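Trainee: give me coordinates for this.
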Amino acid sequence: MVLDRYIAKAVVTGCLMACFIMLSIFAFVDYVSQLDSVGTGDYGALQAAVFVLLRLPQRLYDLSPSILLLGGILSLGAMAANSELIVMRASGISTMRITRSVLQTGFVIAILVALLGEYIVPSATRTATAYRAQAIEKKLIVSSSNDIWARDGNRYVNVKQILPDHQLRDIYVYELDDRQQLSAMIYAEHAQYQDEEWVLDNIKRSQISLDGVTTSFEKQLKLKRLILLELFTVLELRSKDMSAAELLTYSRYLQDNKLDDSEYKLAFWIKIFTPFTCLAMLLIAMPIVFSTSPRSGGVGQRLMLALFIGVVYFVVNRSINHLGLALNVAPVLSAAIPLLLVTVVSLYFMRRVN
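Mentor: Numbering: from 1, shown residues only. I've put the predicted structure just below:
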């Protein structure tokens, strides 16, 4: 329908404007925060800029609810100020019909946000942290979307997955002799740093010599050196940087080992609810713009209101999340309560507008 396309174009344009404004501000703040590290190793101003750019997908994901709120108010607020919404309602189009068109566009954007958090953010974050570590620590670290390569003397280590609490999964260790010839290859399913040494589990060792390759299997192997802890601390992902699939897998691992997994369960449910939160924040923009008239205030007033709502939501959301962890509230409830509050408030004010 023509109306749907017109509103969709306005909402998308507003969200792109909000995205540019907010990412520009936070990119500048992030870059300034990196200046303390500039000059360490090979980490210069250009490397800091590349690191900040690689971190933008995470920023975009974190800010997505606020971006939709601001984008909705910018686009629909401009339509209200130009009396377009008044004309639409005067011609028989109800506020619910306009809201439906807005939420249809918001639903598509929410799907893109979910895909961003699941596939792009973890990969970009790994690349960014490895890039920064390579420049600062001056160690051989090559990052792809799936794994990390590191060098320690004559030993090359390939790790497919780095988990919190000094844990690694799917580790390949290649050892070279004094002539730089491959002398041994070790595969381990899991490794963890304990008591100042790395403990590798389920080992397959291939010893290479002039006589051929000898393969042996071990239940456990302990190494004093594997990956430098200095590198590990900058390479491991925080829970909020992990994908929902990784969070679920790691949470189950912690459960199987009778460890506390509440932080990772909460991060998992936050990932699940973030796209719905984007829709709820777009919905809360509706009563604001419907109550706007050409004489009720300019863009600045609406922007200040959007900023205020965004800050309040951020504080309430974080407070409820952390309070839930402290009081052992079910993570799904801690993650869902802020979303429910925003939805209820939005629907209440929408009814008053009607």
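
Trainee: could you use CA atoms for every contact and neighbour count after this?
Mentor: Will do.

Trainee: what segments of the chain are strands?
Mentor: 141-143, 148-152, 155-163, 167-176, 182-194, 197-209, 212-223 (DSSP state E).

Trainee: among those strands, which comes closest to Met242?
Mentor: With CA to CA as the measure, strand 155-163 is the member of the strands of the chain nearest Met242 (9.4 Å).

Trainee: between the closest one and strand 167-176, how many degrees?
Mentor: 170 degrees (axes from the mean of the first three to the mean of the last three CA atoms, to 10 degrees).

Trainee: which helices and strands sit right next to strand 155-163?
Mentor: strand 148-152, strand 167-176 (3 or more CA pairs under 8 Å, 6 or more residues apart in numbering; DSSP states H and E).

Trainee: dump those strands into TSV; add mean neighbour count and distance to Leu60 as well.
Mentor: What follows is the helices and strands packed on strand 155-163, written out as TSV (neighbours: other CA atoms under 10 Å; distance: least, CA to CA, whole Å):
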stretch	mean neighbour count	distance to Leu60
strand 148-152	19	25
strand 167-176	19	28
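
Trainee: what about the residue nearest to Ala110 when sequence neighbours are not counted, neighbour count?
Mentor: Take Ala110 and drop its neighbours on the chain: the residue closest to it by CA to CA, 6 or more residues apart in numbering is Pro275, 4.6 Å away. Using other CA atoms under 10 Å, Pro275 has 24 other residues around it.

Trainee: returning to what we had before: and the strands of the chain as CSV, adding distance to Tyr264?
Mentor: Formatted as CSV, the strands of the chain follow (distance: least, CA to CA, whole Å):
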stretch, distance to Tyr264
strand 141-143, 24
strand 148-152, 23
strand 155-163, 12
strand 167-176, 15
strand 182-194, 18
strand 197-209, 24
strand 212-223, 28
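
Trainee: who's in contact with stretch 204-221?
Mentor: Leu182, Ser183, Ala184, Met185, Ile186, Tyr187, Ala188, Val199, Leu200, Asp201, Asn202, Ile203 (CA atoms under 8 Å, 6 or more residues apart in numbering).

Trainee: let's have those residues in a markdown table, adding pLDDT and neighbour count.
Mentor: Shown next, in a markdown table, are the contacts of stretch 204-221 (pLDDT from 0 to 100; neighbours: other CA atoms under 10 Å):
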| residue | pLDDT | neighbour count |
| --- | --- | --- |
| Leu182 | 88 | 16 |
| Ser183 | 88 | 17 |
| Ala184 | 90 | 19 |
| Met185 | 92 | 20 |
| Ile186 | 91 | 18 |
| Tyr187 | 94 | 20 |
| Ala188 | 93 | 23 |
| Val199 | 91 | 19 |
| Leu200 | 91 | 24 |
| Asp201 | 92 | 19 |
| Asn202 | 92 | 15 |
| Ile203 | 92 | 19 |
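
Trainee: save these as a markdown table, and put in distance to Met1 too.
Mentor: Listed next are the contacts of stretch 204-221 as a markdown table, based on distance: CA to CA, whole Å:
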| residue | distance to Met1 |
| --- | --- |
| Leu182 | 66 |
| Ser183 | 68 |
| Ala184 | 66 |
| Met185 | 62 |
| Ile186 | 61 |
| Tyr187 | 58 |
| Ala188 | 58 |
| Val199 | 62 |
| Leu200 | 61 |
| Asp201 | 60 |
| Asn202 | 60 |
| Ile203 | 62 |
